[in-house]
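Chemist: Quick one, structure for this:
(chains A and B)
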Amino acid sequence: MLDVKFVRENIELVRNMLKNRQCDLDLEPLLKLDETRRRILVDVEEKKHRRNIASDEISGLKKEKKDSSSLVEEMKGLGQEIKVLDQQLAEAEQQFRDFLLIIPNMPDNSVPVGRDEKDNREVRTWGKKPAFDFKLKPHWEIGEDLGILDFERGARITGARFTLYWGAGAALERALISFMLDIHTRRHGYTEVLPPFMVNSASMRGTGQLPKFKEELFKLDGWDYWLVPTAEVPVTNIHSGEILEESALPRCYTAYTPCFRSEAGSHGKDTRGLIRQHQFNKVELVKFSLPEASYDELEKLLNNAETILQELGIHYRVIVLCTGDMGFSASKTYDIEVWLPGQETYREISSCSNFEDFQARRANIRFRRKGRSRTDLVHTLNGSGLAVGRTLVAILENFQQEDGTVIVPEVLRPYMGNMKVIEKLQ
RNA sequence: GGAGAGAUGGCCGAGUCGGCUGAAGGCGCUCGCCUGCUAAGCGAGUGUAGGGUGUAAAGCUCUACCGAGGGUUCGAAUCCCUCUCUCUCCGCCA
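Modeler: Numbering: from 1, shown residues only, chains lettered A, B, ... in the order given. Presented below is the predicted three-dimensional model:
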């Protein structure tokens, strides 16, 4: 959510931002609502002031045993007026707030202006595309041939975009989760958290999934509970409504959660394999930062995510998203795209964003500078570190061998009972 | 699921028959004094949000907030209703 005052005073900047984001939204109603709401507010506050004074007078009169009935009568009328105005105000505030909630965040100045993913810019690459002298398979073939990925039974148990993992496949997924969490906690200094996998509407609103992206979420019937689409939601909301000490920042958390996404609007896209599932595992990195430090923290967070692929020894590239491709809540986003030789393509495996104070304002996450009385909004950041299912995909495709087996990356072997090669499950 | 208790400021904790209680008292914290250092002691200060005024900061001022929402009343932290959450006991369960 943007600051109302900022919008009021920089209306042209905001209009330009909407244009750059390819977002068609007319701001006129917002300005009108703001005006209406403030007009009513001034009126009702003045009336309440009068009522407060009169109440004191009545109290005084009663103490002196004097008659107060005419004043009481008068206040009855005023009370009615206040009641009506309060209702109007509540309505105006609600509409105003609802509108503010659907305005996307301002991109940082360093973000390239562009229409869509074609205008994203490559920042750097790491490693090289591996060379093979045999015919490569996509991961779904590798997984099915080894008997470790079972798409058919996954679909039978639940439906399309659900997968059953067997044996070394299941173990590899678990190994990756442990490995990632260990690196981030032990080497990068993050605190591990294990949050609820369902959240309420307030949390979804806090991070920006609601009200605009309802159709991408799974909701529990009869409950105000939603399945988390990413750990970002529960973990960022850890501190919602809190005022943190300046000395407590930055706070760096890492969490494993499954992620549930409806993938509405993706029909027919990535239907094969593990790339696009309704349920997948992810290790997330979340930071709460001082405003002046948040872009440094973003670079660090990105590096922390990259470390995982470097340790695994898999080629990737980093891109910065342009204004037209960036998410609703983000001010700046880097994507890490991993190389998948079986499909001869790069695929997003991590998305690292700075949200500045956009989420903090929605979720009301503040801090107090030492020696100062006023509070400020923190900056929030997060990034995948990494998407586990897609990492498993990258391992299968990058470390496949001609005989159909897959080499287990060195760093994962301690987590897999020293397994060196994944062979066909008997 | 059954029975009961509770929810007040950063924390603990008062709030009488509704009326200067935004809220006593204590702790903590901040600043100052004192003191070889530390501790103790002394003094002052210490909620949040929104609005008005102000070029802005400061300041001044108003309104709201004692779990959330609604009601009664001229007036509610105090009375009534609904909901949420926490705790205790029993039952059940991983």
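
Chemist: what's the nearest residue to A:Ala264 if we skip its chain neighbours?
Modeler: A:Glu215 (4.6 Å; Cβ to Cβ, 6 or more residues apart in numbering). (Each C-beta comes from the backbone N, C-alpha and C, glycine too.)

Chemist: how near is the one you found to RNA strand B?
Modeler: For A:Glu215, the distance to RNA strand B equals 26 Å [Cβ to the nearest atom of the strand, to the nearest Å].

Chemist: Could you verify that that residue is part of a helix?
Modeler: Yes. Assessed by DSSP: H, G, I helix; E, B strand; the rest coil, A:Glu215 belongs to a helix.

Chemist: Would you mind listing the residues in contact with it?
Modeler: By Cβ atoms under 8 Å, 6 or more residues apart in numbering, the residues touching A:Glu215 are A:Ser262, A:Ala264, A:Gly265.

Chemist: just those residues now: which is nearest RNA strand B?
Modeler: Nearest to RNA strand B among the contacts of A:Glu215, counting by Cβ to the nearest atom of the strand, is A:Ser262 at 25.0 Å.

Chemist: before we move on, back to that, now the buried members of the contacts of A:Glu215.
Modeler: Listed as buried from the contacts of A:Glu215 are A:Ser262; burial here means 16 or more other Cβ atoms under 10 Å.

Chemist: near RNA strand B, which of the contacts of A:Glu215 show up?
Modeler: The subset of those lying close to RNA strand B, counting by Cβ under 7 Å from any atom of the strand, is empty.

Chemist: can you put the contacts of A:Glu215 in CSV and add secondary structure, distance to A:Leu30 and pLDDT?
Modeler: Listed next are those as CSV, based on DSSP: H, G, I helix; E, B strand; the rest coil; distance: Cβ to Cβ, whole Å; pLDDT from 0 to 100:
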residue, secondary structure, distance to A:Leu30, pLDDT
A:Ser262, coil, 29, 93
A:Ala264, coil, 27, 87
A:Gly265, coil, 27, 83
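
Chemist: I'd like the distance between the residue nearest to A:Ala264 and A:Ser266.
Modeler: 11 Å (Cβ to Cβ, to the nearest Å).

Chemist: Determine the set of other helices and strands touching the helix or strand bottoming out on mean pLDDT in chain A.
Modeler: Lowest by mean pLDDT, DSSP states H and E among the helices and strands of chain A is strand A:243-245, with a mean of 81. For strand A:243-245, the elements it packs on are strand A:366-368, judged by 3 or more Cβ pairs under 8 Å, 6 or more residues apart in numbering; DSSP states H and E.

Chemist: what does the strand it packs on contact?
Modeler: A:242-246, A:248-249, A:290, A:360, A:374-378.

Chemist: Show me how far it is from its chain's centre.
Modeler: Averaging C-alpha positions (Cα atoms, centre = their mean, to the nearest Å) puts strand A:366-368 21 Å from its chain's average.

Chemist: Adjacent strands (with direction) for it?
Modeler: strand A:243-245 (parallel), strand A:375-377 (antiparallel) (DSSP bridges).

Chemist: Report the buried residues of the first one.
Modeler: Neighbour counts using 16+ other Cβ under 10 Å place A:Leu244 of strand A:243-245 among the buried residues.

Chemist: can you tell me the residue of the stretch 301-426 of chain A closest to RNA strand B?
Modeler: For the stretch 301-426 of chain A, Cβ to the nearest atom of the strand, closest residue to RNA strand B: A:Thr375, 4.1 Å.

Chemist: burial of that residue, as a residue count?
Modeler: 13 (other Cβ atoms under 10 Å).

Chemist: With the one 4 residues further on instead?
Modeler: Close neighbours of A:His379, defined as other Cβ under 10 Å, add up to 28.

Chemist: what is it paired to in the beta sheet?
Modeler: Bridge pairing for A:His379 - DSSP bridges - gives A:Ser289.

Chemist: how far away is it from A:Glu263?
Modeler: To A:Glu263, A:His379 is 30 Å away according to Cβ to Cβ.

Chemist: got a list of contacts for the least confident helix or strand of chain A?
Modeler: The contact list for strand A:243-245 (Cβ under 8 Å, 6+ apart) reads A:Arg251, A:Phe288, A:Ile365, A:Arg366, A:Phe367, A:Arg368, A:Lys370, A:Thr375, A:Val378.

Chemist: cool, and stretch A:193-207?
Modeler: For stretch A:193-207, contacts defined as Cβ under 8 Å, 6+ apart pick out A:101, A:210-211, A:217, A:220, A:224-228, A:231-238, A:240, A:253-258, A:329, A:359, A:362-364.

Chemist: let's go with 6 Å and repeat that
Modeler: Stretch A:193-207 is contacted from outside by A:210, A:224-228, A:232-237, A:240, A:253, A:255, A:257, A:359, A:362-363, using Cβ atoms under 6 Å, 6 or more residues apart in numbering.
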